[in-house]
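> Pasting the sequence and the predicted coordinates here, then a few questions.
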Amino acid sequence: MTNRTFKTGESREQTCLLPPRIEDYVGPDNPVRAIESFVDALDLVGLGFRHAERGADEVGQPPYHPADLLKLYLYGYINQIRSSRRLEREACRNLELIWLLKNLKPGYRTIANFRKANWAALKAANRGFILLVRELGLVEGSLVAIDGAFFHGDASKASISTRKKLTEQLAALDRDIEAYGATMEANDAAEARPPSRDDGNGDGSGGDLGQKVARLMARRNQVQADLDRLEASGETQLSRTDADARLLSKSGQTVAGYNVQIAVEAKHKLIVASEVVNDGNDTNQLHAMAAAAKDALGVETLQAAADIGYYNGSTLQACEADGIVAYVPEAEKNSRLAKQGRFTLNEFTYVAAQNIYRCPAGAELRPMQGYKEDAGKRHVRYVSSRSDCGPCPLRLRCLSIKARRREIYRWEHQDVIERHRARMAQAEAPAMMRKRSALAEHPFGTLKCRAGYRHFLVRGFDKVRGEWSLMALCYNFTRLLHILGFDRFMAKLAELAKHSSRSAGCCLKAVLAAITLILARFRAEIFPEDVPNGTPA
């Protein structure tokens, strides 16, 4: 036997009697087979994918089947390949993709257009996957954790202007135009004087100054038009590259992009509801996300935990009305008064039976007639008596030097806040907050750190929401494979398919019908003019 220094491969010139089968490219337990089984089980027509219902009698060049392109995208996003050009290359050299696409090689434009054109169908498919998870019994529906994270958009910070930035640019342009105008007047005056021996022929810069002023005027007109557009629309920012992207700031971090909101179910950390907004503040997102999660899970009541950034009295009231028990820490708003040694609002006791407040000295603050409007909320004013506050020994800790009596404003639905405070004071609230952190941070940490998904490749709300649906679907799909394992996942899909073939009202058939209903409602919200009469809204 000849000793070899290294392992040697086969000769590239070696011929084979029989060519290898594409089926042999992947093993029987390769996860790529799970992608194929899942996509083949979807009702692509009901989900609204383009060309899904194309007939064989149609003329012209046949398109790629949407199932093949959806498989390509699912494989790509699961394996950190998002670029349409990279997906095109991988389809030609990646054995798993060659198997998955049966050796089809779509071009990058076809791949990119599929993601752009089918954003609504991708969003419906993501929602439908949650229905599949429910059928598999992998969600409990008792607790969700809500959180948000900033993702970069396909736009730079310089391409987004605020009203303040535009006003400063306009003032700077006015100063430059005024300076150039003064220079041109000085040149005109110099040319009007009789020539002398020392004047020479001039510097010849008059034409250049005129061109510079013309360019500055054009730039000023553009900035003024942008400012007028902001004033007319009521928006606070204007983006030239991506019309829907915004400058978002949190904890000293500024991002030109979008705010992604998610609701994570407690049992297996699956994303059961999500949305993409361009508001950098989370205070108005609690109820919308909790209600979407409650609808997706199909439960009557739901516990929702969120961080301090979601605290808002109006959203807490809406959650309580919809059977959602919210756990949100309240920010300390009276720290300035406490540092000064003065009484805060928390030290005044509300007596519900008499509808009065009692101050630390025991005096009463009674309600006045009418309401005060503040940020869309109505507040009742409670006022003490001057005869009580004048000789009070605690006056200096309660009133300012010029004030004669104490006033307190109470929101008309303050009882919602008091019930929420009592709930947060219970022993299980701190444990709930710790559990929230472990749940809500897991998907974002996985997507941003493991997969590297910190930005969107497309522009505009519709396309961005479609791409996010791909990210969330692939996250949930990967989690489900890890939870069940390949064999159990394939067995569950086969079981559902078997039951659906026996009865049109069972399991997968019911899931697909629910997905179709979701899409119909989704279309009714966005394209009401295209929805025929009788479609559920």
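Sure, I can see it.

> Does residue 411 have any beta-bridge partners, and if so which?
residue 379 (DSSP bridges).

> which residues does it contact?
313, 377, 378, 379, 417 (Cβ atoms under 8 Å, 6 or more residues apart in numbering). C-beta: built from backbone N, CA, C; applies to glycine.

> Show me what counts as buried in stretch 318-328.
Across stretch 318-328, burial judged by 16 or more other Cβ atoms under 10 Å covers 318, 319, 320, 324, 325, 326, 327, 328.

> and it, how far out from the chain's middle?
When C-alpha coordinates are averaged (Cα atoms, centre = their mean, to the nearest Å), stretch 318-328 and its chain have centres 21 Å apart.

> returning to that earlier point: between the buried residues of stretch 318-328, which is nearest residue 290?
Checking the buried residues of stretch 318-328 against residue 290 by Cβ to Cβ gives residue 324 as the nearest, at 4.7 Å.

> who touches that closest one in this structure?
287, 290, 291, 294, 301, 302, 303, 304 are the contacts of residue 324 under Cβ under 8 Å, 6+ apart.

> measure it to residue 299 for me?
According to Cβ to Cβ, to the nearest Å, residue 324 stands 10 Å off from residue 299.

> and what of residue 90?
Distance, residue 90 to residue 299, using Cβ to Cβ: 41 Å.

> count of neighbours near residue 247?
By the measure other Cβ atoms under 10 Å, the count of residues near residue 247 is 19.

> Then it would be within a strand, right?
Yes. Under DSSP: H, G, I helix; E, B strand; the rest coil, residue 247 falls within a strand.

> Give the bridge partners for it, please.
With DSSP bridges as the criterion, the beta-bridge partners of residue 247 are residue 256.

> Now do the contacts for it.
157, 160, 162, 237, 254, 255, 256, 280.

> tell me which element the fifth one is part of?
Okay, so that is residue 254. Assigned by DSSP states H and E, residue 254 falls within strand 253-265.

> Which elements pack onto that strand?
If contacts are counted by 3 or more Cβ pairs under 8 Å, 6 or more residues apart in numbering; DSSP states H and E, strand 253-265 sits against strand 143-152, strand 246-250, strand 271-277, helix 286-297, helix 428-445, helix 461-484.

> hmm, 10 Å instead?
strand 143-152, strand 246-250, strand 271-277, helix 286-297, strand 302-305, helix 428-445, helix 461-484 (3 or more Cβ pairs under 10 Å, 6 or more residues apart in numbering; DSSP states H and E).

> which one of the ones you listed lies closest to residue 84?
It is, among the helices and strands packed on strand 253-265 and with distance given as Cβ to Cβ, helix 461-484, at 11.7 Å.

> any idea how far that closest one is from the chain center?
13 Å.

> So which bits of that helix are buried?
Neighbour-count burial for helix 461-484 [16+ other Cβ under 10 Å]: 461-481, 483-484.

> average model confidence for the helix or strand that comes right after that helix?
Following helix 461-484 in sequence order, the next helix or strand is helix 486-502 (DSSP H and E). Averaging pLDDT along helix 486-502 yields 78.

> Low-confidence regions, the protein specifically.
Along the chain, segments meeting pLDDT under 70 span 1-2, 18-19, 56-57, 194-207, 334-335, 499-537.

> So which residues make contact with stretch 177-185?
Residues outside stretch 177-185 that contact it (Cβ atoms under 10 Å, 6 or more residues apart in numbering): 205, 206, 209, 210, 212, 213, 216, 217, 219, 220.

> Please repeat the previous calculation with a cut-off of 6 Å.
209, 212, 213, 216 (Cβ atoms under 6 Å, 6 or more residues apart in numbering).

> for stretch 417-430, same thing?
313, 316.

> First residue to last residue on it, what's the distance there?
18 Å (Cα to Cα, to the nearest Å).

> what do you get for stretch 332-352?
Taking Cα to Cα, the first and last residues of stretch 332-352 lie 24 Å apart.

> Quick check: residue 241 is in a strand.
No. Assessed with three-state DSSP, residue 241 is coil; it does not lie in a strand.

> mind checking how far it is from residue 106?
28 Å.

> higher neighbour count, the two?
Between residue 241 and residue 106, residue 106 has the larger neighbour count (other Cβ under 10 Å), namely 19 against 14.

> Give me the phi and psi for the closest residue to the more buried one other than its chain neighbours.
The shortest distance from residue 106 to any residue other than its chain neighbours is 5.4 Å, reached at residue 64 (Cβ to Cβ, 6 or more residues apart in numbering). Per-residue torsions, residue 64: phi -70, psi 140 (degrees, to the nearest 10).

> what's the burial count for residue 64?
For residue 64, using other Cβ under 10 Å, the count is 16.

> hang on, the earlier thing: closest to residue 46 out of the buried residues of stretch 318-328?
Among the buried residues of stretch 318-328, and counting by Cβ to Cβ, the member closest to residue 46 is residue 324, at 29.7 Å.
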